[in-house]
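> 3D model of this:
(2 chains)
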There are 2 protein chains.
Amino acid sequence: MNIRPVVEVLQGLATLNSEVTVRGWVRTRRDSKEGISFIDLYDGSCFNALQIVAHSCLNNYENEVLRLTTGCSIEMTGQLVSSPAEGQKFEIQATDIKVIGWVDNPESYPMAPKRHSMEYLRECAHLRPRTNLIGAVARVRNTLAQAIHRFFHAKGYLWVSTPLITAADTEGAGEMFRVSTLDLENLPRGQDGKIDFTKDFFGKEAFLTVSGQLNAETYACALSKVYTFGPTFRAENSNTSRHLAEFWMVEPEVAFATLDDIATLAKEMLKYVFKAVLDDRSDDLKFFAERIDKNVIARLTDLVRLDFEQIDYSTAIEILQQSNQSFENPVSWGIDLSSEHERYLAEQYFKAPVVVKNYPKDIKAFYMRLNDDGKTVAAMDVLAPGIGEIIGGSQREERLDMLDQRLAEMDFSREDYSWYRDLRRYGTVPHAGFGLGFERLIAYVTGVPNVRELIPFPRTPKNVAF
Amino acid sequence: MNIRPVVEVLQGLATLNSEVTVRGWVRTRRDSKEGISFIDLYDGSCFNALQIVAHSCLNNYENEVLRLTTGCSIEMTGQLVSSPAEGQKFEIQATDIKVIGWVDNPESYPMAPKRHSMEYLRECAHLRPRTNLIGAVARVRNTLAQAIHRFFHAKGYLWVSTPLITAADTEGAGEMFRVSTLDLENLPRGQDGKIDFTKDFFGKEAFLTVSGQLNAETYACALSKVYTFGPTFRAENSNTSRHLAEFWMVEPEVAFATLDDIATLAKEMLKYVFKAVLDDRSDDLKFFAERIDKNVIARLTDLVRLDFEQIDYSTAIEILQQSNQSFENPVSWGIDLSSEHERYLAEQYFKAPVVVKNYPKDIKAFYMRLNDDGKTVAAMDVLAPGIGEIIGGSQREERLDMLDQRLAEMDFSREDYSWYRDLRRYGTVPHAGFGLGFERLIAYVTGVPNVRELIPFPRTPKNVAF
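Sure, this is the predicted structure:
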C-alpha cells in the first residue's frame, strides 16, 4: 500500500495515475445527481483537504459512502488523477473506501461544519483541533517552535531546561501557584501553631515558576549562550484575551552580551521565525488573512524586510508628548509605557518595529543593569506594529556592589539571593537576555486576538478542563 | 574585533596567523620559569579548552595575568598559531588580556579544579555547569533535544504542548502535586465543613500532570501525527538514582498506527538521536568514556547498527524461566518485568535492544488496546543493554465498547472520561504512542548513573534549591 499524507498528494509527490492510499477524516460530502459523491478528506498534514471522487459503482456506495458525515474516519485507496475542479491540482478516483469510525448521532456532532463561536470551541477543546482554525493554529505553533529551536541551535545556543517548581525566595509570591503534597484536611503545624512546611514534599514552601531567567543566568555564566523554552505560570486573576495562567516562554541568556547585542538577537530571531512561517505555512496564513485579519501576511513580510528603529525611553516620551494624541494614560518621564503608547510609536510614528531602551530604574526589576546616569537601567522592549510589546529584555547587573545596592533598595535579602550573587563573585561577566511570550508571538503571526485559542488546553481562572 | 567561540578556533575556522579575540573563563594557569604563562580558556562551546600563551612582556603580566585563577573571566586578543603541544592543533599568542571578573577568595572557590563528589556538586547546582562533567551533560542534553525535534519535524509530526496543570479526574491523585492559590491559614469551607475548592484559582482541585498522553490523543485524533516534549511530575517519595519529582518526557501519538508502527518509530527515533550525539558530541562522549563508563561509545554505536529484536511478553517469560538465572523476583506469566529481567533479556540473552510486546492486561493501564486473546494488551517496552527499559508505549483502545468495559473493570467513571470517550464516538481511529523519559535517555547516552546530574536543577524529596 502506498500510504501518503494528504500534504504529499496535494504537493504532487505521489505519481500521477498511480494507486495511492490516504487516511483521515471527512470534512464534507457532496453528492451529484449522476451517482457521484465528492468527499473532502483531511488529515491535519496541511490546511487543504483532498478531494475524493466516489462513484456509485463502489460496492459500499449505497450503504456506507452515502452515510458518511463530517468527522467520520476513512481509509481510501484510488487512482491519483489531475483534477478538473478549480483550486486543486489533484484528486483521487476512489476504488475502495473503508469506513474506520462513524460519528455517533451526526446531527449532534459538536464539530459540525459551520461557524462556531470561539467560546463554544473552548468548551470542546478536545475536539476543536478538528476545525480549520485550530488545526491551522497548531501547524503555525509547531512551525514557530521548530524555527526557534533551529535558530538558536544554529547559533551555538544550548537549550537549558530551568526548573518549573521553585522555592519561594525570589519572586512576588502573591501571583504564584503553590505546589504541595500536604493533606489540606490535616495540615502539620509547628509549636508556634504555624503550618510546618518542613513536612511538605520539598521540605519548604514551593511554587510554580514565573520565569526561568535567574536559573538561565547560572548556565550562561558557565556555558556562554543558552536559552530556555518551557512553560511558566502566573496566578493572576486576569480574565483578558492576553493572559493565561500557564503559558510558554522563550528566554535566551548570553554571556559577554550588551543591551545592543540582545536587541540585535531579538531582531534576528523574529525575522528568522517569521520567514519560516511565510515559507512553510502559506496555506494556513492565507486562511488567517481571509478569516481573521487581512493584514497578517503583509505584517510578517514587512517585519522581515524592515529594519528595526532603536530609540531611548526618554526619546519615546518626547515623541509621545509632542504627538498631539489624546492618550488615556498621561505621558511623563517615569511612567511605564501603556499599550496605547507602544502602538502609537510602532504603528503611527515609526510604522516599523521599534526597540525602546534604557527605562527608568524605578519601573524595572532589580537585576537590570544600572546605567551611568544613575536613573535608568539597560532594559529594552521590542514593540511591533499590530500588537505592541512582543519582547522584553535587559542587560543584567553584573557588578556585585551595584546588585547589592539594588537588593537593599528593594528590601530583598542577600541570603535569599546568595546563589545569584555568587555569579557576580566568581568570574562575573556582562550578560543580557530577553523573554518572549510564545502565545503572544502566535497571536502576532495569526492575528487571532485571544491567547486562549493559541494553546491547546488554556488554563485561566476557573478553567482547568481536560 | 574578530570575536570567536572557542569551538570555532579549535575547529580551525579562524584564519591561521591572524588576530582573533576569545572570551571565557580560566580553567587552569601554568607558569614556566621563562616568564611564560599557559592559560586554558573555556567558554562552554565545546569540551576542550583553548590554550593561551601569555608572555611576560604583556603590560599587565605581573599584576594581573599571574594572579589569574580558575573561574576568572577574561577577554583575550592575540595571534592564532599552530600549537607545538600535543593534543591541540591551535593556540593563541596573547597580545592583550583583559580581566573581566576576578574570583573572590580563590582558595575557597567552590569549583576549584579538583574532583568533587556528585553530592557536593548538587549543592552548588548554580556553579556546577562550570565543571567538565556538567558542561558535557548540558551539551549532550541539548544535542539530544534538538535531534528529537528535528526527527519528528522531518517526519511531519506537530509538537503539541499539553497542559501541565490538570484536573484531578484522570490519575491516581496520591502521586500528584496539588496546585493551588488557597490561603492555607484560611481555607474556605462549604456548609458540609469540607474544603470548598470552588474558591480555588481554577474553581476545582488541580494538580501537576503525570503525562500528556490523554491530551495528546485528542490532537492525534484530529491532526494525525503529534508529539509532546515537556515537563511532567511525580510526587513519589522515592530517593533513588532514577527518580525525579520534575522531569521531561517525549510522547509521540500517531493516528492510524498499530503497535508495530510505533515499535518501528521508537527504533528509528533512538537510532537517529544516538547518531546525532555520535556525530556532534564526540568530544563530550570521549570524556564520558574516560571518566564515567568506558562502554558509552560502543553502546551507542551498537545501538545505531543493530536491529532490534521483537518478542512477545509470553516468550520473554519462557526465556527467563529457562535461563537458569537466580532472579530476586520470581518469574511467572502475569508478573511485571523487573529491571533484572529486562537487563538479562537485553544484555545477556539477545545482546541487543529488545522490544517486548503484548503484556498481561492486569498489569497495564486501562487505555491500552485489548488483544483478541482477551488477556493481553497491545503494549510494548523497549529494553536496551546497559539500562533496561528506555521506552514504554501501547496501541490505545479505540473501540468505545471495549474502553467502557475497561473503565468499568477499573471502577473509573464514564463522566470523568467523557472527553476521552468522545474521541471514540466521533470518527475513532486506531492510534498508538509511546513515552520516553528524557533524563533516562541522557543517562543511557552519558553513562552517568544518577538522573540528578542530568537535569540542571533536580527536584527530589526535600530538595527544591535554586
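> how about low-confidence regions in chain A?
A:168-174 (pLDDT under 70).
> make it 50
A:172-173 (pLDDT under 50).
> tell me the domain ranges of it?
Taking the TED database as the reference, chain A has its domains at A:3-108, A:132-166+A:213-453, A:175-209.
> looking at those domains, which is buried most?
Comparing the domains of chain A by mean neighbour count (mean count of other CB atoms under 10 Å in any protein chain shown), domain A:132-166+A:213-453 ranks first with a mean of 20. (C-beta placed from N, C-alpha, C; glycine too.)
> just the endpoints, please. Distance across that domain?
With CA to CA, to the nearest Å as the measure, domain A:132-166+A:213-453 spans 12 Å from end to end.
> so A:Leu441 sits right up against A:Ile390, yeah?
Yes: here A:Leu441 reaches A:Ile390: they are 6.7 Å apart, a contact under CB atoms under 8 Å.
> put together a markdown table for the domains of chain A, with distance to B:Tyr227 on each row.
As requested, the domains of chain A are exported to a markdown table (distance: least, CB to CB, whole Å):
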| stretch | distance to B:Tyr227 |
| --- | --- |
| domain A:3-108 | 13 |
| domain A:132-166+A:213-453 | 10 |
| domain A:175-209 | 24 |
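> closest one to B:Ser332 among these?
B:Ser332 sits nearest to domain A:175-209 of all these, at 35.2 Å, using CB to CB.
> and the closest one, does that touch chain B?
Yes: looking at domain A:175-209 against chain B by CB under 8 Å from any CB of the partner chain, the contacts come from A:177-182, A:184-185, A:187, A:195, A:201-204, A:206, A:208.
> determine which two of these are furthest apart.
A:Glu185 and A:Leu208, at 22.9 Å, using CB to CB across those.
> a strand runs through A:Lys271, doesn't it?
No: checked against DSSP: H, G, I helix; E, B strand; the rest coil, A:Lys271 lies outside a strand; its state is helix.
> not counting its neighbours along the chain, what's nearest it?
A:Val304 (5.1 Å; CB to CB, 6 or more residues apart in numbering or on different chains).
> give the contact list for that neighbour.
Residues near A:Val304 by CB atoms under 8 Å, 6 or more residues apart in numbering or on different chains: A:Lys271, A:Phe274, A:Lys275, A:Leu278.
> which of the residues you listed sits closest to B:Asn324?
Nearest member of these to B:Asn324, counting by CB to CB, is A:Lys275, at 62.8 Å.
> shouldn't the closest one be within a helix?
Yes: under three-state DSSP, A:Lys275 sits within a helix.
> residue of the stretch 301-450 of chain A nearest chain B, please.
A:Thr428 (3.7 Å; CB to the nearest CB).
> what about that residue, which SS state?
Criterion first, three-state DSSP; result for A:Thr428: coil.
> mind checking how far it is from A:Phe256?
11 Å (CB to CB, to the nearest Å).
> which neighbours do these two share?
Common contact partners of A:Thr428 and A:Phe256 (CB under 8 Å, 6+ apart): B:Ile100.
> ranges for the helices of the stretch 301-450 of chain A?
A:313-321, A:339-343, A:400-410, A:418-425, A:438-446 (DSSP state H, counting those that start in this stretch).
> any chance of JSON lines for the ones you listed, columns distance to chain B?
Shown next, in JSON lines, are these (distance: least, CB to the nearest CB, whole Å):
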{"stretch": "helix A:313-321", "distance to chain B": "27"}
{"stretch": "helix A:339-343", "distance to chain B": "25"}
{"stretch": "helix A:400-410", "distance to chain B": "8"}
{"stretch": "helix A:418-425", "distance to chain B": "4"}
{"stretch": "helix A:438-446", "distance to chain B": "8"}
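> closest one to A:Phe38 among these?
Judging the helices of the stretch 301-450 of chain A by CB to CB, what sits closest to A:Phe38 is helix A:438-446, at 29.4 Å.
> other residues contacting that closest one?
So helix A:438-446 is contacted by A:136-137, A:140-141, A:144-145, A:229, A:242, A:244, A:247-250, A:273-274, A:277, A:284-285, A:288, A:292-293, A:296, A:299-300, A:384, A:386-387, A:390, A:448-451, A:454-455 (CB under 8 Å, 6+ apart).
> now, the residues you listed that are in strands?
Among the contacts of helix A:438-446, the members falling in strands (DSSP state E) are A:Phe229, A:Phe247, A:Trp248, A:Met249, A:Val250, A:Ala384, A:Ile390.
> surely the third one and A:Thr228 touch.
Going back to what we said before, that points to A:Trp248. No: using CB under 8 Å, A:Trp248 is not in contact with A:Thr228, being 9.9 Å away.
> pretty sure A:Met111 contacts B:Leu423?
No: in this structure, A:Met111 is not within contact of B:Leu423 by CB under 8 Å, at 11.9 Å.
> ends of stretch A:338-356, how far apart?
End-to-end distance (CA to CA), stretch A:338-356: 13 Å.
> with adjacent residues omitted, what lies nearest to the residue in the stretch 251-400 of chain A positioned nearest to chain B?
Of all residues in the stretch 251-400 of chain A, the one sitting closest to chain B is A:Phe256 (4.8 Å; CB to the nearest CB). The shortest distance from A:Phe256 to any non-neighbouring residue, by CB to CB, 6+ apart, is to B:Arg23 (4.8 Å).
> how about that neighbour, secondary structure?
For B:Arg23, the secondary-structure state derived from three-state DSSP is strand.
> how far away is it from B:Phe90?
From B:Arg23 to B:Phe90 the distance is 17 Å (CB to CB).
> among the helices of the stretch 301-450 of chain A, which is nearest B:Leu121?
helix A:418-425 (13.6 Å).
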